[in-house]
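K.L.:
Curious how this folds, go ahead:
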Amino acid sequence: MKKSARSFNSFLPRADWLVVGWVLVIKFLILFLGATSYRILFNRSLEGPRDWLMIWNRWDAPHYLELAQYGYRAAPGVFREFALAYFPLYPWLVRFCAYLTSDYLVAAFVVSGITLFFAAILLRRLAELEFDPETALRSVWFFLIFPTAYFLHIGYTESLFVALVLGSVLAARRERWALAGVLGALVCLSRPTCIILMPTLAVEVLHQFLVSRRWRRQWLWLLLVPCGLVLYMFVNRWAAGDSLAFLRIRRDYFHISFAPPWRGVLEAWGNRHQTGEAGEMVGYQEFFFIVFGLVCTIVSWFQLRPIYATWMTGTWLLFASTTFMQSVPRYTLTMFPVFFLLAKLGANRFWHTAITVWSLLFLALFATLFAWGHWAF
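P.N.:
So this is what the prediction gives:
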């Protein structure tokens, strides 16, 4: 028995196995909550495990599945151009996985599930570079129960994106620059906020240079990072004849273009006057999370290493500097240093309980609304 335990711990440290256990338990509880609430609300039965997954296939998720199945040019109808708003790495991985599962929906959940394991483990290891092991575990705990953490488990890009960003940043912190560059290039194939990664890694280079006063050729590996974005621009040119088609599509289809940060913030504050669900979800909640992200960004410059504060600042500015803010609670998941700050605050028993209760209550609320088909970021 002891030999078996040692073999498990040699494959992954005990703390990583704990994190894996958290991911599995939370995943089951979220899927179970969605299925149970759906049956109660709609008075319908779910015939099998696939139906448990289908109720989460909403909003952006079907577009990723269609893109995985048909590609940018082969997709039928208007979706052909609309699809260019979505970066290709996640659909490519889903398509590859579908060859093994023979089901695109199942493949999407497999890709998100596997990358979530990596994201949780990498977050713990990165946090342990900066803090004590208990704080590192708290970081993962607050990440996994964050109010919008259900996006980590379903057919969205959040778990893949966070895993790649964490991998690139961890490699940079451990001075494995080739790996940081390769993973950074993959980040630039997964989401628009990838453009923040290059300056973030550059700040780490500057930080290390100021400490060591020595130039290192290995830093040049970071030139690989924008190659992912260049490849995505080639995809745009191949599919639509315009390397920057995705920017036009975001403006035309989503009515989103760059604007001073206060414009979107003020609009979110004004949306609170809408009645019922709209006032709460696109008003109060969007406004709360944008303020929450801003406060955490400011604090990060005093409490965290510059690489983390840079990532926080760039990410916050990117999703705040739009004519119309949407999905800010979901995007906040990608501001992973937030969970370092919550973990530090959570060293106090009162704040640990308060953050946990708040997270779990709103995670249950938002996940249930999403499974029902309501807009939940």
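
K.L.:
What residues does the closest residue to residue 269 other than its chain neighbours make contact with?
P.N.:
Sequence neighbours aside, residue 287 is the residue nearest to residue 269 in space, at 5.2 Å (criterion: C-beta to C-beta, 6 or more residues apart in numbering). No exception for glycine: its C-beta is placed from N, CA and C like everyone else's. Going by C-beta atoms under 8 Å, 6 or more residues apart in numbering, residue 287 touches 265, 268, 269, 271, 272.

K.L.:
is it true that residue 34 touches residue 52?
P.N.:
Yes. Shown here, residue 34 and residue 52 form a contact pair, counting by C-beta atoms under 8 Å, at 7.3 Å.

K.L.:
Please identify which of those two sits among more neighbours.
P.N.:
Higher neighbour count among residue 34 and residue 52: residue 34, with 23 against 17, using other C-beta atoms under 10 Å.

K.L.:
While we're on that one, how confident is the model there?
P.N.:
pLDDT, residue 34: 92.

K.L.:
same question, the one 4 residues further on
P.N.:
According to the model's per-residue confidence, residue 38 sits at a pLDDT of 89.

K.L.:
Count the neighbours of it for me.
P.N.:
Neighbours of residue 38 (other C-beta under 10 Å): 22.

K.L.:
Which helix or which strand is home to it?
P.N.:
Per DSSP states H and E, residue 38 falls inside helix 14-42.

K.L.:
Next, the buried residues of whichever helix or strand comes after that helix.
P.N.:
Next helix or strand after helix 14-42 toward the C-terminus (DSSP H and E): helix 49-54. By 16 or more other C-beta atoms under 10 Å, the buried positions in helix 49-54 come out as 52, 53.

K.L.:
now swap in stretch 300-314 and tell me
P.N.:
With burial defined by 16+ other C-beta under 10 Å, the residues of stretch 300-314 counted as buried are 300, 304, 305, 306, 307, 308, 309, 310, 311, 312, 313, 314.

K.L.:
Likewise for stretch 111-126?
P.N.:
For stretch 111-126, by 16+ other C-beta under 10 Å, it's 111-113, 115-126.

K.L.:
circling back: the helix or strand containing the residue nearest to residue 269 - what's its average pLDDT?
P.N.:
Using DSSP H and E, residue 287 sits in helix 286-303. Here helix 286-303 scores 95 as its mean pLDDT.

K.L.:
what's the following helix or strand after that helix?
P.N.:
Remark: after helix 286-303, the chain's next helix or strand is helix 306-320, criterion DSSP H and E.

K.L.:
Hmm, residue 183 and residue 164 touching each other?
P.N.:
Yes. Counting by C-beta under 8 Å, residue 164 sits close enough to residue 183 to count as a contact (5.4 Å).

K.L.:
The two - which one has more neighbours?
P.N.:
Between residue 164 and residue 183, counted using other C-beta under 10 Å, residue 164 has the larger neighbour count: 29 against 24.

K.L.:
I'd guess that one is in a strand, am I close?
P.N.:
No. Counting by DSSP: H, G, I helix; E, B strand; the rest coil, residue 164 falls outside a strand, being helix.

K.L.:
which residue packs closest to it, ignoring adjacent ones?
P.N.:
Distances taken as C-beta to C-beta, 6+ apart place residue 187 nearest to residue 164, at 4.6 Å, with adjacent residues excluded.

K.L.:
Run through who's touching whichever strand or helix holds residue 184.
P.N.:
Here residue 184, judged by DSSP H and E, is contained in helix 177-187. Helix 177-187 is contacted from outside by 89, 161, 164-165, 167-169, 171-172, 194, 197-198, 201, 216, 218-228, using C-beta under 8 Å, 6+ apart.

K.L.:
Residue 361 versus the closest residue to residue 44 other than its chain neighbours, what's the distance?
P.N.:
For residue 44, ignoring the flanking residues on the chain, the nearest one in space by C-beta to C-beta, 6+ apart is residue 38 at 7.3 Å. Between residue 38 and residue 361 the distance is 19 Å, computed by C-beta to C-beta, to the nearest Å.

K.L.:
so who does the residue positioned nearest the centre of the chain touch?
P.N.:
Central residue of the chain (C-alpha atoms, centre = their mean): residue 158, 2.9 Å from the mean position. Neighbouring residues of residue 158 by C-beta under 8 Å, 6+ apart: 112, 151, 152, 330, 333, 334.

K.L.:
Excluding sequence neighbours, find me the nearest residue to the fourth one.
P.N.:
So the one you mean is residue 330. Nearest one to residue 330, counting by C-beta to C-beta, 6+ apart, is residue 377 at 4.2 Å.

K.L.:
correct me, but that neighbour touches residue 366?
P.N.:
Yes. Judged on C-beta under 8 Å, residue 377 makes contact with residue 366 at a distance of 7.0 Å.

K.L.:
which residues are common contacts for the two?
P.N.:
148, 329.

K.L.:
what number of residues lie near the residue nearest to residue 330?
P.N.:
For residue 377, using other C-beta under 10 Å, the count is 23.

K.L.:
That one and residue 176: what is the separation?
P.N.:
34 Å.
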